[in-house]
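Undergrad: I'd like to go over a predicted model; first the sequence, then the structure.
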Amino acid sequence: MSERRDGGYFGITQNECKAKGCCCRPAAPGQQWCFYHGNPGAKCGNLSSNLLKPGEAPFNDTQLEKIKGYFLANIDIEGSGAFVAAPDHDTPGGNYYYHWERDGALTMHTLQRTAETLEAIEGKLKNYVTWVEKVQNQPDPHSIDIRTEPKYTIPDGKPYSGYWCRPQNDGPGLRAKTLTEFGLALLERGKPGDLDFVKEHLWTGTDQKHGGIVKYDLNWQAANWRSNGCDLWEEVRSDDFFWNRFTMRISLITGAKLASRMGDVATASKYQQVAKDVEATLMSHYDGQYVYESRNRLKDAVVIEAFNVGYLDDELFAPLSKEVLGTVVTLNDLFCNSFPVNKLDEQANVPGILYGRYEGDDYNGGNPWVLLTASLAQLIYRQAAACLKAELVSVDTYSLLQKAYDINTGLEGRSLGDALMSVADGVLVRIKHHVKQTNFHMAEQIDRNDGHMTGAEDLTWNYADILKAMHARKEYMKIRAATKVSVQQVLV
């Protein structure tokens, strides 16, 4: 496999493959594998998927519905509005049957992002609002602000009473962002009762109920964004995590939109100013090669998740930026060489790469994580879409794309986008290779040596990031369908 480098793109024919100077052989009925012979591929083998038929997605509709079913089973537990991190009471890492504030916010955001209609999920989101109102008003036994507690018991919403890494300062902003988007969707829909619901629960316009659950969270975020707390992995402390600050920024800017819609101009202005202050600190996390999470945790794949969750379509850490691409190059090199399973998959002609958490991770043996690998796939689909929109990319950007994904030279527009889509497909195919053995139930981690599922069973965040990645693929295909392709792009 390492002697053959993928030379094709989505929908390539045998004649087009040969015209590119490539070799061609059938890979499956109706499918051609187009490759260059004699050139080494990426260090983890061929990232691009050569196992899918033209037009085939990494997960078919039946498989995706099964994954959605597992995802939904972990939401709105007992009608409480709570989500469960994993319905697993006994893992090497302990009991996962809690509502983590951060994970819950990201889960409910995924529910909104991937739903067909607002009406289909409105009941679960309103139950989540009830849950947040409950947990925000609990007494805190740890002498910190209740809004920064990491997790709560289900279904009573009490903060976890045992020792844990706290405070966790990303939670209020992430939760506020999810609920802000729900509030804005209700206002946009404008059905009878929608405005009243927002005024009653999300943004009261008065001091009643702390001004509403969104305002209550964002007021804490605006006042405390520099404060010291725990990282996303709940292991180290800092007052300057990239994940925290990049997601705080989008939360404040999104919240300012709701404040404006509710006529609270002063609060909207305050949030916008704090967001600018946060923004001014972000580029310091780029060391000229990659974006690091914190000074005490440099190479950390959480920044990939941050690039997806925190991006505002304003070019700051844009999908094709040197900061983002350089980070992918760095992490590809790190994780390719960290996990024997990546080499085994390469030898078995399975495309893609598996990502772990950070350099030196030894939790449960230090393994690849499904959610982070899926987050990489989501980012690459977004990069593919950005290539379609840009049509042409700079020489420097193209060079970084080749370092990251070992794509061909001379591609542009649709052909470049399709090449990147194939890379993202390959990443998901590698996940699928390991999770299909468990009927698509996804444990927290993939064993670093032999690739079996390990850690907490049915981790909700795994399913969320798979669904978001497949949603990003769907969005790419929509853009692709609306994009004209030139003869030059097809024949390059």
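TA: Received it, and whenever you're ready, just let me know what you need.
Undergrad: ranges for the strands of the stretch 351-492 of the chain?
TA: Listed in chain order, the strands of the stretch 351-492 of the chain (DSSP state E, counting those that start in this stretch) span 445-446, 453-454.
Undergrad: Over to the stretch 51-200 of the chain?
TA: Along the stretch 51-200 of the chain, the segments classed as strands by DSSP E, counting those that start in this stretch run 99-100, 151-152.
Undergrad: Please identify the most buried of the strands of the stretch 351-492 of the chain.
TA: For the strands of the stretch 351-492 of the chain, the largest average neighbour count (mean count of other C-beta atoms under 10 Å) is found in strand 445-446, namely a mean of 28. Where you see a C-beta, it was placed from the backbone N, CA and C, and this is true even at glycine.
Undergrad: elements contacting it?
TA: helix 370-390, strand 453-454 (3 or more C-beta pairs under 8 Å, 6 or more residues apart in numbering; DSSP states H and E).
Undergrad: would you turn the strands of the stretch 351-492 of the chain into a markdown table with mean pLDDT and distance to L298?
TA: Shown next, in a markdown table, are the strands of the stretch 351-492 of the chain (pLDDT from 0 to 100; distance: least, C-beta to C-beta, whole Å):
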| stretch | mean pLDDT | distance to L298 |
| --- | --- | --- |
| strand 445-446 | 98 | 21 |
| strand 453-454 | 96 | 26 |
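Undergrad: coming back round to it: in JSON lines: the helices and strands packed on strand 445-446, plus distance to L186.
TA: Conversion of those to JSON lines gives the following (distance: least, C-beta to C-beta, whole Å):
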{"stretch": "helix 370-390", "distance to L186": "26"}
{"stretch": "strand 453-454", "distance to L186": "39"}
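Undergrad: Please identify the deepest-packed of these.
TA: Counting by mean count of other C-beta under 10 Å, helix 370-390 has the highest mean neighbour count of those, with a mean of 25.
Undergrad: Can you give me the domain assignment for this protein?
TA: As given by automatic domain parsing, the domain ranges for the chain are 53-73+318-492, 98-317.
Undergrad: related to what we said a few turns ago, among the strands of the stretch 51-200 of the chain, which is the most enclosed?
TA: Greatest average neighbour count among those goes to strand 99-100 (a mean of 24), per mean count of other C-beta under 10 Å.
Undergrad: Can you list the strands that that one pairs with?
TA: Using DSSP bridges, strand 99-100 pairs in its sheet with strand 151-152 (antiparallel).
Undergrad: Centre of the chain to the strand it pairs with, how far?
TA: Distance of strand 151-152 from the chain centroid (C-alpha atoms, centre = their mean, to the nearest Å) equals 22 Å.
Undergrad: ok, back up a step: of all the domains of the chain, which one comes closest to A82?
TA: domain 98-317 (4.3 Å; C-beta to C-beta).
Undergrad: Of all the helices and strands packed on strand 445-446, which one is nearest S143?
TA: Nearest to S143 among these is helix 370-390 (31.9 Å), distances taken as C-beta to C-beta.
Undergrad: for the record, mean pLDDT for that closest one?
TA: For helix 370-390, the mean per-residue pLDDT is 97.
Undergrad: in the sheet, who's paired with the nearest residue to S238 once chain neighbours are set aside?
TA: In this structure, S238 finds its nearest non-sequential neighbour in S294, 4.3 Å apart by C-beta to C-beta, 6 or more residues apart in numbering. Going by DSSP bridges, S294 is paired in beta bridges with R297.
Undergrad: For the stretch 51-200 of the chain, just list every one of the helices.
TA: Assigned helices in the stretch 51-200 of the chain, in chain order: 61-73, 101-114, 118-136, 171-189, 194-197 (criterion: DSSP state H, counting those that start in this stretch).
Undergrad: Kindly present the ones you listed as a markdown table, with separate columns for mean neighbour count and mean pLDDT.
TA: As requested, these are arranged in a markdown table below (neighbours: other C-beta atoms under 10 Å; pLDDT from 0 to 100):
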| stretch | mean neighbour count | mean pLDDT |
| --- | --- | --- |
| helix 61-73 | 15 | 98 |
| helix 101-114 | 23 | 98 |
| helix 118-136 | 19 | 97 |
| helix 171-189 | 24 | 98 |
| helix 194-197 | 15 | 98 |
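Undergrad: quick one, which of those helices is nearest to N219?
TA: The nearest among those, by C-beta to C-beta, is helix 171-189 at 8.8 Å.
Undergrad: Give me the angle between the closest one and helix 118-136.
TA: Relative orientation of helix 171-189 and helix 118-136, computed by axes from the mean of the first three to the mean of the last three C-alpha atoms, to 10 degrees: 140 degrees.
Undergrad: Can you say which of the strands of the stretch 51-200 of the chain is nearest to A482?
TA: Once the strands of the stretch 51-200 of the chain are compared by C-beta to C-beta, strand 99-100 is nearest, at 38.6 Å.
Undergrad: What mean pLDDT does that closest one get?
TA: On average, strand 99-100 scores 98.
Undergrad: do stretch 240-248 as well
TA: pLDDT averaged over stretch 240-248 gives 98.
Undergrad: and if you look at stretch 435-444?
TA: Averaged over stretch 435-444, pLDDT sits at 97.
Undergrad: just stretch 137-149 next, same as before
TA: For stretch 137-149, the mean per-residue pLDDT is 94.
Undergrad: Can you get me the start-to-end distance on that stretch?
TA: End-to-end span of stretch 137-149 (C-alpha to C-alpha, to the nearest Å): 12 Å.
Undergrad: Which stretches in the stretch 201-350 of the chain count as strands?
TA: With DSSP E, counting those that start in this stretch, the ranges of strands along the stretch 201-350 of the chain come out as 229-230, 237-238.
Undergrad: would you list these in a markdown table and tack on mean neighbour count?
TA: Output for these, formatted as a markdown table (neighbours: other C-beta atoms under 10 Å):
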| stretch | mean neighbour count |
| --- | --- |
| strand 229-230 | 20 |
| strand 237-238 | 14 |
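Undergrad: Same list, those strands, but as TSV with distance to Q112 please.
TA: Listed next are the strands of the stretch 201-350 of the chain as TSV, based on distance: least, C-beta to C-beta, whole Å:
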stretch	distance to Q112
strand 229-230	26
strand 237-238	30
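Undergrad: So for K389, which of the ones you listed sits nearest?
TA: strand 237-238 (35.2 Å).
Undergrad: And the contacts of the closest one?
TA: For strand 237-238, contacts defined as C-beta atoms under 8 Å, 6 or more residues apart in numbering pick out C165, N228, G229, C230, D231, S294, R295, N296, R297.
Undergrad: what sits against L179?
TA: With contact taken as C-beta under 8 Å, 6+ apart, L179 is in contact with Y128, V129, V132, L202, I213, V214, D217.
Undergrad: how many other residues sit next to the nearest residue to the third one once chain neighbours are set aside?
TA: To tie it back to what came earlier, the one meant is V132. Spatial nearest neighbour of V132, chain neighbours left out: I213 (5.1 Å); criterion: C-beta to C-beta, 6+ apart. Per other C-beta atoms under 10 Å, the neighbour tally for I213 reads 26.
Undergrad: Great, nothing more from me.
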